[in-house]
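> Got a predicted model here, sequence first, then my questions.
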Amino acid sequence: MTKKRGDDSGAERILAAVRRIPRGRVSTYGMIADLAGLPRRARLVGAVLRQTTARVPWHRVINASGRISFPAGSDAWRRQRERLEAEGVVFVRGRVDLKHYAWPARTVQLDELLWKM
DNA sequence: CGGTCGGCCCGCC
DNA sequence: CGGCGGGCCGACC
């Protein structure tokens, strides 16, 4: 067969979902889990991103509070923030406004509206 | 709007 | 197997 399925806890699907996040946008662990068809597995997403060596835009994944899930001020935290800011993502008081930057957006219309203003 | 508290589920002793 | 902690989350003060 082409590929084995179900023996990797969905790691591949998680990475595929992460790769779909557009530049300058962010997604949350929970959203990625859903997109990967693995509801309730937000923590698994974190585990996969932590250990993977695959080239994926891991920095575009943050938590549902709009914050980076590394200890504030740590090397990893700084690195992730820098990468996001380099893509134009703005932090306000240490957090990203998911209403503006979250992908996928709640609705296409809301997305268009927010991005025009 | 920020801080806590349980759940949830997986990965690794 | 049993326990524990994690790049989490939503509900509730």
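Arrived safely, thanks for sending.
> going forward, measure contacts and count neighbours with C-alpha atoms only.
Noted.
> got the residues of chain A near DNA strand C?
Proximity of chain A to DNA strand C is confined to A:28-31, A:42-44, A:46-47, A:49-51, A:58-65, A:69-70 under the rule Cα under 7 Å from any atom of the strand.
> Helices - which of those land there?
If you go by DSSP state H, the residues of chain A next to DNA strand C have A:Tyr29, A:Gly30, A:Met31, A:Ala42, A:Arg43, A:Leu44, A:Gly46, A:Ala47, A:Leu49, A:Arg50, A:Gln51 in helices.
> Could you pick out the buried ones from those?
Taking 16 or more other Cα atoms under 10 Å as the criterion, what is buried in these is A:Tyr29, A:Gly30, A:Met31, A:Ala42, A:Leu44, A:Gly46, A:Leu49.
> From those, list the ones also adjacent to DNA strand B.
Near DNA strand B, taking Cα under 7 Å from any atom of the strand as the test, the members of these found are A:Leu44.
> of the buried ones among the ones in helices among the residues of chain A next to DNA strand C, closest to DNA strand B?
If you rank these by distance to DNA strand B using Cα to the nearest atom of the strand, A:Leu44 comes first, at 5.1 Å.
> quick one, what contacts that closest one?
By Cα atoms under 8 Å, 6 or more residues apart in numbering, the residues touching A:Leu44 are A:Ala33.
> What's the mean pLDDT across the longest helix along chain A?
What stands out as the longest helix in chain A, according to DSSP H, is helix A:75-86. Predicted confidence along helix A:75-86 averages 96 (mean pLDDT).
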